[in-house]
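Trainee: structure of the sequence below:
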Amino acid sequence: MATVILVRHGRSTANATGVLAGRLPGVHLDDAGVEQAVAVGERLAGVRLAAAVTSPLERCRETCREVTRPQATPLRASTDKQLSECDYGEWQGRALKDLTKEKLWRTVQTQPSAATFPGGESMRAMQDRAVAAIRRHDARVSAEHGDDAVWLAVSHGDVIKSILADALGTHLDLFQRIHVDPASVSIVRYTDARPFVLGTNTHAGDLSWLTPPRKSRRRRSSDAAVGGGAGPQATPEAQTATS
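Mentor: Predicted coordinates:
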C-alpha cells in the first residue's frame with residue numbers, strides 16, 4: 001500500500017518543436033523543462049521518498065535528477081526500460097502536424113487499443129508493460145519500506161496516461177480523455193482492494209501531506225470512505241467518520 005508519485009518529464013527540445021521523439025537518443029530538457037523539473041523537486045522537498053525509478057531516456061533521467069535533488073537524504077534512482085516511452089517505430093522523429101494526416105492517427109485518437117505503430121509496439125503492449133512495472137516496484141517498496149512509503153516514478157505522457165487509465169478502471173480506448181502535461185504530478189495508491197487515484201496532472205501545491213508524521217502512522221484501510229472522508233490532515237478518528 002505504498003504511494004507512487006508519477007511525474008512526466010519536463011518540456012523537451014522535441015516537445016518545443018512539435019516532434020514526436022519516441023525513443024530517439026539525444027532528446028534533452030530545454031531550459032523551460034529544467035525549470036519545471038526544479039519546481040517539482042520543490043513541491044516534493046517535504047516528502048520522504050523511499051525510492052525513485054525512471055525511464056532510461058535522457059529527458060526523464062534529467063527530470064528525475066532535479067526532482068530528487070532537494071531530498072534531505074540523497075536518493076539514487078534506478079532505471080527501468082519498462083517505463084520507457086512507447087515505441088512509435090517509424091513515427092519517431094516526425095512532426096506531429098504531419099502525423100495527423102496518417103490514417104493511423106484517427107485510430108490512436110478513438111480506439112488506441114487497436115493501434116500498433118509501424119515498426120513499433122502497440123498501445124496495449126505499452127500499457128501492459130508499464131502497469132506491470134509500476135505494480136512490481138510498488139510491491140517492492142511496500143515490502144522494503146512499509147505501507148506509508150512514498151516513491152517516485154518518472155516517465156512519459158502516454159505511458160503515465162495508460163497507468164492512470166488502469167488505476168481508474170478506464171478502458172484504454174478512453175485514455176485520451178486523461179491529460180498529462182510536462183512536469184505534471186499524478187498520484188496513485190495501490191491497495192489489495194483497488195487503486196486510489198489521489199491526483200492527476202497537478203502543477204502546484206506542497207505535497208508534504210503524503211508523508212504523515214511518524215507518530216500518526218497506522219495501517220491504512222482498503223475501504224473507500226463513505227461520503228469522501230475528512231482528508232489527509234484529519235485525525236484517525238475523524239477519517240473513519242462519514243459525512
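Trainee: look up phi and psi at the closest residue to residue 183 other than its chain neighbours.
Mentor: Leaving aside its chain neighbours, residue 183 sits nearest to residue 36 (3.5 Å; criterion: CB to CB, 6 or more residues apart in numbering). Placement of C-beta: from N, CA and C, glycine included. Dihedral angles of residue 36 (phi, psi; degrees, to the nearest 10) stand at phi -60, psi -40.
Trainee: residue 36 and residue 93: what is the separation?
Mentor: Distance of residue 36 to residue 93, computed by CB to CB, to the nearest Å: 23 Å.
Trainee: tell me which of these two has more neighbours.
Mentor: A side-by-side neighbour count of residue 36 and residue 93, using other CB atoms under 10 Å, places residue 36 first with 25 against 13.
Trainee: the more buried one contacts residue 182, doesn't it?
Mentor: Yes - contact status for residue 36 versus residue 182: in contact at 6.1 Å, counting by CB atoms under 8 Å.
Trainee: what strand or helix carries residue 212?
Mentor: Using DSSP states H and E, residue 212 sits within no helix or strand.
Trainee: and the longest helix along the chain, what's buried?
Mentor: Taking DSSP state H as the criterion, the chain has its longest helix at helix 123-145. Neighbour counts over helix 123-145 (16 or more other CB atoms under 10 Å) mark 123, 126-131, 133-135, 137-138, 141-142, 145 as buried.
Trainee: what's the distance between residue 35 and residue 42?
Mentor: 11 Å.
Trainee: should've said residue 34
Mentor: 13 Å.
Trainee: between those two, who's got more neighbours?
Mentor: Per other CB under 10 Å, whichever of residue 34 and residue 42 has more neighbours is residue 34, with 18 against 13.
Trainee: burial measure for residue 174, as a count.
Mentor: 12.
Trainee: touching, it and residue 165? I think so.
Mentor: Yes - using CB under 8 Å as the test, residue 174 is close enough to residue 165 to be in contact (6.9 Å).
Trainee: break down the chain into its strands, ranges please.
Mentor: Counting by DSSP state E, the chain has strands at residues 3-8, 49-54, 78-79, 150-155, 185-190, 195-202.
Trainee: the fourth one vs strand 49-54, what angle?
Mentor: This points to strand 150-155. 10 degrees (axes from the mean of the first three to the mean of the last three CA atoms, to 10 degrees).
Trainee: could you give the angle of strand 150-155 to helix 123-145?
Mentor: Using the same axes, to 10 degrees: strand 150-155 against helix 123-145 is 150 degrees.
Trainee: relative to the whole chain's centre, how far out is stretch 176-188?
Mentor: The gap between where stretch 176-188 is centred and where its chain is centred comes out at 7 Å by CA atoms, centre = their mean, to the nearest Å.
Trainee: start to end distance for that stretch?
Mentor: 18 Å (CA to CA, to the nearest Å).
Trainee: spit out the contact partners of the closest residue to residue 25 other than its chain neighbours.
Mentor: Closest residue to residue 25 apart from its sequence neighbours, by CB to CB, 6+ apart: residue 58 at 7.2 Å. Residues in contact with residue 58, defined by CB atoms under 8 Å, 6 or more residues apart in numbering, are 25-28.
Trainee: closest to residue 119 among the residues you listed?
Mentor: residue 25 (16.8 Å; CB to CB).
Trainee: show the pLDDT at the closest one.
Mentor: Looking at residue 25, its pLDDT stands at 96.
Trainee: same thing with the one 4 residues further on?
Mentor: Taken from the predicted model, the pLDDT recorded for residue 29 is 98.
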